[in-house]
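Asks: got a sequence here, can you build the structure:
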Amino acid sequence: MPRSSFSDNPLLRVSRPVSACSRCRAAKVKCDGKLPACTACEKAGRENECSSANDQFARGKERSYVAALELRVEKLEKRLAFARSRKASVNLHDIDEATAAPADRKDSLANIRAAIHRKAARKREDSDVNSLVSDFGFLSVNATTRDFEPSATGMTFARLVLAAATNDDVPDPTEDSFPTRAEAFAIVQYYMANIYALFPSFLETHLLTVLDDVYQQDERVKERLKDADFWLLYMVLAIGYMAQSRVKDDEYYRRGLDFVARALPFADKALMPGYHTQIQSLVLFTQYSMLDPSHFDSWYLIGFASRAVVDLGFHQDPPQLQVPDKAALDLRRRMFYSVYALDRTISMIRTRSFSFTDDSINVEYPSNSGLSSGPITGPQSADSALALFQLRRLQSEWYQTLFQADSVPLPDAASFIWQMCLEMREWHESLPDNLSTGVRELFELELRYSYIYCLAPNDRSPHLTDYARKLIFEHAIAYMNTMHNVAHGATISAFYSSLDALKVYFVAMQFLTALSAARELLISEQRIIPPITRPGTAPPPPLPHRPIGGEDSLDRSLRCLQQVFETLDTFSRRWDIASQLKTTFESISSDLFSWLQVRRQMREQGQLPQQQQHHQQQQQQTQQQQLYQQQQQQQQQHQHQQHQQQQQHQHQQHQQHQQQQHQQHQQQHQQQHQQQHQQHHSPTPQGHSPPQAQLPTFPPHPHPHPHPHPHHLPHPPPHPHPHPQVHMAAPQMHMQGMMQPHQPHQPHQQHQQHQQHQVQSGQPMMQYRWVDGTGQMMTGPPPGPGGPAM
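Replies: Predicted structure coming up:
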């Protein structure tokens with residue numbers, strides 16, 4: 001048999017006996033076992049009743065499996081036919097005379113593989129794979145025929161999503177609920193300015209085009225719209241209405257619920273796997289579920305969206321050779337990070353694991369040009385979305401380390417937490433100036449929420465310092481103050497959902513835990529010194545700024561708890577989950593709230609004088625805290641100046657000392673020269689020269705007169721010498737170092753050099769010269785007690 005005929009008509013053999021169906025067995029006629037219904041049942045018009053005896057134990061399973069195999073064979077045959085046609089067209093283009101080649105050579109598997117691996121065939125193959133994957137959206141669980149159309153199936157992928165994520169059935173839409181064009185455009189503008197600015201998962205121009213087509217009078221224009229287009233517009237309108245609802249069952253709430261009911265019939269095609277419209281549709285569905293948790297669960301929906309992103313490979317940037325254009329790549333990245341941001345915030349507030357880790361992704365941030373291309377949002381949309389994506393990456397880093405890793409404590413948990421807080425603070429300081437007021441306020445709340453979450457005790461960082469408690473205490477008060485204003489504001493200028501009620505409860509519980517563990521410390525206004533960090537590590541984050549002359553910590557604590565009650569009460573009018581959270585928190589915080597009230601009553605009655613005095617001292621200290629850094633800088637400058645002055649003074653003293661030594665050397669040299677000169681020129685008779693004694697020389701005396709009078713010098717009396725050969729006379733005393741009358745200098749260089757070697761600067765010198773009985777000049781002290789007294 002030729003190979004081509006085998007490829008066209010493969011031999012399918014059954015390795016097991018085919019049992020007769022129930023109807024043929026009962027009629028005792030021969031059954032050929034044809035699927036899905038035998039020939040006898042088809043002729044009798046009883047195809048639905050045809051089932052084998054084995055189906056009594058697993059009815060429908062065997063035939064459904066066979067039908068799925070037949071569908072796959074059909075798809076593979078289509079791909080094979082395309083490969084053959086592609087190979088034939090390539091051969092016609094490349095070969096001139098080879099068209100008469102044998103048919104078996106044209107149909108050979110080698111040529112088919114060569115054609116498939118061509119560049120054009122690879123692109124077509126990718127499209128076929130997506131088409132094949134998309135068919136699983138209509139794959140039935142209990143299929144009994146080969147027909148997989150939605151009308152004949154029991155469960156589509158969209159119905160599977162709805163079955164898992166639906167908490168309560170959505171009522172049918174009303175006929176007169178469709179808004180006017182102007183009202184619909186206003187809702188679209190609200191969505192684009194407040195929600196799309198943070199999650200730009202589709203093209204803004206495409207939404208506006210769909211909006212224009214829906215309100216066209218020409219029905220042919222509406223017929224060109226796809227199911228995914230209707231889903232996009234209706235879900236945007238539903239989210240825009242729901243986001244402005246303040247009370248359940250108000251007009252905004254009813255309008256939003258009505259548009260969800262209008263969008264659900266298009267779910268089968270909009271949520272079909274294998275297309276990027278599935279990701280966009282699931283992102284919108286997740287956003288709506290965050291606003292309406294009574295009907296849909298956001299946790300399941302973001303899980304489906306995350307798996308769709310991974311299935312399409314959007315969690316990895318494609319190779320540069322496979323990038324069609326920058327706009328398509330930018331839209332792909334925007335869709336991924338929209339899912340990423342929603343997955344992180346939903347998982348963190350529910351304290352669950354992420355759908356995928358950061359190690360498994362490799363996607364760059366979308367460009368600002370692609371984010372800010374819309375006519376409604378403007379350039380601030382790009383900055384808002386990019387800032388949110390960056391914050392979610394920072395949150396994901398410390399959340400995976402502290403809460404998704406093992407339970408072994410970190411070796412240096414404080415350094416890691418300080419580093420994470422530093423990076424988030426730098427993110428907040430680098431926010432662009434063109435952000436709207438509502439988005440900036442939302443980011444400030446996210447920053448304080450992240451601080452509290454990161455500082456909260458956990459298995460990897462179980463110990464909480466007093467400074468960390470103070471940080472949680474201050475950030476929780478600031479968070480509740482801002483959130484209370486948002487909940488009771490006239491308008492909502494950012495995306496707030498039921499998850500914010502959970503965040504309020506989480507922040508309130510951390511505030512309650514920190515205050516309960518250190519009541520006296522936190523309400524005493526005592527200044528807590530930040531912990532010392534190792535060199536090269538990040539410093540602890542600073543405490544939030546407090547207004548000067550405001551309430552003390554006792555009043556602020558009571559006001560914070562009161563704001564928690566009021567905020568949860570306001571949210572309970574909109575979401576049922578907030579009412580449960582409010583009841584639970586009131587029960588848990590009742591003891592601490594009563595204790596704080598008693599303390600305030602005691603303070604007002606004057607029973608806490610020390611606390612009042614301490615409060616006054618702390619108010620003064622608070623006023624001086626702003627000058628603390630300036631004083632430190634001034635002190636450092638003053639110390640630096642003093643150090644320079646000390647160095648200059650020491651240098652001057654050193655120079656003066658050197659000058660004094662130099663003067664002493666000169667004075668000693670002059671005195672020695674004068675003495676030698678006088679001794680050399682004074683005549684002494686031989687045998688009658690009395691011994692001359694020179695007293696010790698001393699350094700200059702600090703006398704107020706630089707030239708002392710000779711009468712002021714002490715003159716010792718003469719001592720008679722008993723020795724018969726020595727005649728003692730009054731010794732001549734010379735004080736070395738004193739100023740002597742100036743005498744003309746005579747050159748006696750050799751004699752001066754000899755004296756300089758004998759005399760040391762600043763040292764006393766005693767010299768004796770006397771004549772013995774023979775008239776010979778002698779040196780040294782004379783013998784006997786007649787020498788000069790020392």
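
Asks: would you map the strands across the stretch 551-700 of the chain?
Replies: In the stretch 551-700 of the chain, the strands defined using DSSP state E, counting those that start in this stretch lie at 692-694.

Asks: how about low-confidence regions in it?
Replies: 607-640, 673, 676-700 (pLDDT under 70).

Asks: how about the stretch 251-400 of the chain?
Replies: For the stretch 251-400 of the chain, the ranges with pLDDT under 70 are 369-381.

Asks: ditto for the stretch 101-250 of the chain
Replies: 101-154.

Asks: repeat that with 80
Replies: Residues of the stretch 101-250 of the chain meeting the criterion pLDDT under 80: 101-155, 175-177, 217.

Asks: how about the strands in it?
Replies: Counting by DSSP E, counting those that start in this stretch, the stretch 101-250 of the chain contains no strands.

Asks: thought residue 295 was touching residue 168?
Replies: Yes: between residue 295 and residue 168 there is a contact at 5.0 Å, judged by CB atoms under 8 Å. All C-beta atoms are positioned from the backbone trio N, CA, C, and that covers glycine.

Asks: ok, those two, which is more surrounded?
Replies: Ranked by neighbour count (other CB atoms under 10 Å), residue 295 and residue 168 place residue 295 first, with 17 against 10.

Asks: who's in contact with that one?
Replies: 166-170, 257, 260, 289 (CB atoms under 8 Å, 6 or more residues apart in numbering).

Asks: how near is it to residue 654?
Replies: 89 Å (CB to CB, to the nearest Å).

Asks: next one: residue 505
Replies: 72 Å.

Asks: OK, contacts around the spatially closest residue to residue 292 that is not a sequence neighbour?
Replies: Residue nearest to residue 292 in three dimensions, not counting chain neighbours: residue 242, with 5.9 Å by CB to CB, 6 or more residues apart in numbering. Contacts for residue 242 (CB under 8 Å, 6+ apart) come out as 252-253, 256-257, 288, 291-292.

Asks: which of residue 505 and residue 654 has more residues huddled nearby?
Replies: The neighbour comparison of residue 505 against residue 654 (other CB under 10 Å) goes to residue 505, with 22 against 10.

Asks: residues contacting the closest residue to the more buried one other than its chain neighbours?
Replies: Setting aside the residues directly before and after it, residue 505 is nearest to residue 581 in space (CB to CB, 6+ apart), at 4.4 Å. Residue 581 is in contact with 501-502, 504-505, 568, counting by CB under 8 Å, 6+ apart.

Asks: measure residue 581 to residue 575 for me?
Replies: Residue 581 is 9 Å from residue 575, where distance means CB to CB.

Asks: same thing with residue 426?
Replies: Taking CB to CB, one finds residue 426 at 34 Å from residue 575.

Asks: okay, these two: which has more neighbours?
Replies: The neighbour count for residue 426 versus residue 575, taken as other CB under 10 Å, is higher for residue 575 (22 against 10).

Asks: may I have the phi/psi pair for that one?
Replies: phi -130, psi 130 (degrees, to the nearest 10).

Asks: assess the claim that it and residue 498 are in contact.
Replies: Yes: if you go by CB under 8 Å, residue 575 and residue 498 touch, sitting 4.5 Å apart.

Asks: quick check: neighbours shared by those two?
Replies: residue 293.

Asks: domain ranges for the chain?
Replies: Per the TED database, the structural domains of the chain span 22-55, 386-606, 623-652.

Asks: most tightly surrounded among those domains?
Replies: Across these, averaging neighbours per residue (mean count of other CB atoms under 10 Å) puts domain 386-606 on top, at a mean of 17.

Asks: for residue 569, give me its contacts.
Replies: Residue 569 neighbours (CB under 8 Å, 6+ apart): 578, 582.

Asks: wait, residue 412
Replies: 534, 537.

Asks: against residue 46, how distant is it?
Replies: 77 Å.

Asks: and the helices in the stretch 351-500 of the chain?
Replies: 368-371, 379-403, 413-429, 437-455, 466-487, 498-517 (DSSP state H, counting those that start in this stretch).

Asks: ok, the contacts of residue 581 vs residue 368, which is closest?
Replies: residue 502 (32.0 Å; CB to CB).

Asks: could you find the closest non-adjacent residue to the closest one?
Replies: Closest to residue 502 by CB to CB, 6+ apart is residue 349, at 4.9 Å.

Asks: count the neighbours of that neighbour for me.
Replies: Neighbours around residue 349, by other CB under 10 Å: 19.

Asks: quick check: it touching residue 498?
Replies: No: taking contacts as CB under 8 Å, residue 349 lies outside contact range of residue 498: 9.8 Å.

Asks: re earlier: where's the residue nearest to residue 292 relative to residue 190, distance?
Replies: 11 Å.

Asks: same question, residue 439
Replies: Residue 439 is 14 Å from residue 190, by CB to CB.

Asks: same check on residue 342?
Replies: 19 Å.

Asks: neighbour count winner among the two?
Replies: Remark: of residue 342 and residue 190, residue 342 carries more neighbours, 26 against 21, as counted by other CB under 10 Å.
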